[in-house]
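Undergrad: Sharing a model that was predicted from the sequence below.
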Amino acid sequence: MPYTRSPVARCLPLFVATLATLGASFAAQADATLDKIEQRHRVVVGVLLSGGPFGSIDPTTQKPKGLNVDLAEDIGRQLGAEVELVPVLPANRVQFLQQGKVDL
């Protein structure tokens, strides 16, 4: 009986090539974003402020607080850049990223 490869095995090289191409594309986009951050000395981060431990507005100071905010500030510190927080919603966060309204 002759050996025949399964459809998954036949598509594997195409799948690997597609992943490699996408990975290179994302890496190039990430480099462009880092260059933009370095030029501005500012990183613009979209944060969900819908409540809970991830992000909310502190009622006494009216400033954002939470894990998302702490993470954004840590990224800014590591990049040596000022942090600008932009409130986003689950419905528009990817759109803001694609449109360049936020870096992360």
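TA: Perfect, I can see it now.

Undergrad: how's this protein carved up into domains?
TA: 1-40, 41-104 (automatic domain parsing).

Undergrad: most packed of the ones you listed?
TA: Highest mean neighbour count among the domains of the chain (mean count of other CB atoms under 10 Å): domain 41-104, with a mean of 15. Every residue, glycine included, has its C-beta placed from N, CA and C.

Undergrad: Please work out the average pLDDT along it.
TA: Domain 41-104 carries an average pLDDT of 92.

Undergrad: what about it, distance to the chain center?
TA: Taking CA atoms, centre = their mean, to the nearest Å, one finds domain 41-104 lying 11 Å from the centre of the chain it belongs to.

Undergrad: now do the same end-to-end measure for that domain.
TA: End-to-end distance of domain 41-104: 15 Å, with CA to CA, to the nearest Å as the criterion.

Undergrad: Then stretch 51-70?
TA: Using CA to CA, the end-to-end distance of stretch 51-70 comes to 14 Å.

Undergrad: now stretch 42-61
TA: By CA to CA, the extent of stretch 42-61 from end to end equals 23 Å.

Undergrad: Just the residues contacting stretch 50-65, thanks.
TA: 47-49, 66-69, 85, 87, 89-90 (CB atoms under 8 Å, 6 or more residues apart in numbering).
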